[in-house]
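**Q** predicted model, plus sequence, below.
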Amino acid sequence: MNKNVFTITVEVRFRDLDAMGHVNNAVYFTYFEEGRKSLFQKISKSSDTSAFNFILAHVGCDYLKPVKLDSRLSLRMWVSEVGRKRFNLKYRLVDMTDESVIYATGESVQVCFDYREHRSVEVSEALKAKLLEYQEADE
């Protein structure tokens, strides 16, 4: 596993299931959100949400295999690009014991944002340096 990939364990909750017995499509975005939260807690070394100075501009998901209640999941994340005001994340939801089993892939675009001024801002050099630690060369 490349050291630049950020990984968390994802717990499938009973409430995540739909009438068909698999995880509802909307819940995958919650899994991605939990990944972003964990990544930014690590990057900022804080649980204070004011340290998360970005807004979500875009998120997408490709569903490859249904997730069931007994699925054991890991979410792998990495930075695919850092722009002037934005950065892009990629996601891969995999089986915890067999990474070749991929349940979903996704991507998101975050725009750095000043909440007091209500406007986008440039990615700070400090944030850029931290993000580049998770930039994956080989997707």
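**A** Now that the structure is in, tell me what you want to look at.

**Q** contacts for the helix or strand hosting residue 79, please.
**A** Secondary structure assignment for residue 79, by DSSP states H and E: strand 73-82. Contacts to strand 73-82, defined as Cβ atoms under 8 Å, 6 or more residues apart in numbering, come from residues 2, 4-12, 31-32, 34-36, 39, 67, 87-96, 99, 103, 107, 123, 128, 131-132, 134-136, 139. In short, each C-beta sits where N, CA and C put it, glycine included.

**Q** count of neighbours near residue 39?
**A** 22 (other Cβ atoms under 10 Å).

**Q** same question, the one 5 residues further on
**A** Neighbour count for residue 44, taken as other Cβ under 10 Å: 16.

**Q** which residues of the protein score low on pLDDT?
**A** In the predicted model, the chain carries pLDDT under 70 at residues 1-3, 137-139.

**Q** strands of that one, start to end?
**A** 6-10, 54-63, 73-82, 86-95, 102-114, 119-120 (DSSP state E).

**Q** just the buried positions in the third one, please.
**A** What it means is strand 73-82. 73, 74, 75, 76, 77, 78, 79, 80, 82 (16 or more other Cβ atoms under 10 Å).

**Q** who does the first one bridge with?
**A** Partner residues in beta bridges with residue 73, using DSSP bridges, are residue 10, residue 95.

**Q** swap in the one 5 residues further on?
**A** In this structure, residue 78 has the following beta-bridge partners (DSSP bridges): residue 90.

**Q** wait, isn't residue 39 in contact with residue 131?
**A** No. Here residue 39 lies out of contact with residue 131, judged by Cβ atoms under 8 Å, at a distance of 9.3 Å.

**Q** which helix is the longest one in the protein?
**A** Longest helix of the chain, by residue count under DSSP state H: helix 27-44.

**Q** that helix relative to strand 6-10, how many degrees between them?
**A** Put simply, helix 27-44 runs at 130 degrees to strand 6-10, going by axes from the mean of the first three to the mean of the last three Cα atoms, to 10 degrees.
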